[in-house]
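Visitor: Provided below are the primary sequence and the corresponding predicted coordinates.
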Amino acid sequence: MVILPTNPKLMDLDLFLQLLPYIAAGIVGGISVFFLLQWIDRSKQTKRLRRGREKEQEALGFLEEQGFTLVDYQPELSHDFNVDGKVVSSTIRPDVKVKKGGQEYLVEIKSGEKAISPQYSSTRRQLLEYALVNGKSKILLVDMEGYSISTIEFPLIKGRSTWKATLWKVLALCLLAANIGVIIYLAASAILAQL
């Protein structure tokens, strides 16, 4: 029970002193809850990271079962970009680089509810960055919840990365057409010369 003194100045001090243990308990309780929540969050993060590492190791075996050969584990790929006219260098580290049928792929291994979907914005951005830096349009996304491999393709990158190959094909066709034209001309000249 709180007893209020008759002097107003003493009343404030006495009231404060009577409430002080409750204020202190509230502060200590608030700090305790804050640190408890931090600890719970760190525990969840640690558990998620551990599970991610386990699924990543499991995925290596899964990829081998599907006929892929490991080329590099967490390859470091560097790239440059401009920020306000200044060149900035950065690196990315895809989970693995694999090979199958003479073709190499960067692979992103995902587990969890959202991250396994290429429609999940963070996953999609990560795959797009891999495709841009790698210069190849196809990236593999391994879903370790459903044990499936999806080939993610970004058409704009495909067009951008193969323009040189297309140019060479066009030049080769032009040379072939020119050779066929010369052969037809020579054959026709030989036939006409015999008439």
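Guide: Arrived safely.
Visitor: could you show me where the strands are in the chain, in order?
Guide: Secondary structure of the chain (DSSP state E): strands located at 69-73, 77-83, 86-92, 96-100, 103-110, 138-143, 148-153.
Visitor: A25 is nearest to which of those?
Guide: strand 103-110 (45.3 Å; CB to CB). C-beta: built from backbone N, CA, C; applies to glycine.
Visitor: in its sheet, what does that closest one sit against?
Guide: Pairing partners of strand 103-110, with direction, according to DSSP bridges: strand 96-100 (antiparallel), strand 138-143 (parallel).
Visitor: in that strand, what's buried?
Guide: Buried residues in strand 103-110, counted by 16 or more other CB atoms under 10 Å: Y105, L106, V107, E108, I109, K110.
Visitor: Name whatever forms a beta bridge with the fifth one.
Guide: According to DSSP bridges, V142 are recorded as the beta-bridge partners of I109.
Visitor: Quick check: closest non-adjacent residue to the residue nearest the centre of the chain.
Guide: Note on the chain: the residue nearest the mean C-alpha position is Q126, at 2.5 Å, using CA atoms, centre = their mean. Distances taken as CB to CB, 6 or more residues apart in numbering put E108 closest to Q126, at 6.3 Å, once the chain neighbours are dropped.
Visitor: got the residue ranges for the helices in the chain?
Guide: For the chain, helices defined by DSSP state H occupy the ranges 8-65, 121-134, 155-161, 163-194.
Visitor: ok, and which of the ones you listed has the densest surroundings?
Guide: Compared across these, helix 121-134 shows the largest average neighbour count, a mean of 17 (mean count of other CB atoms under 10 Å).
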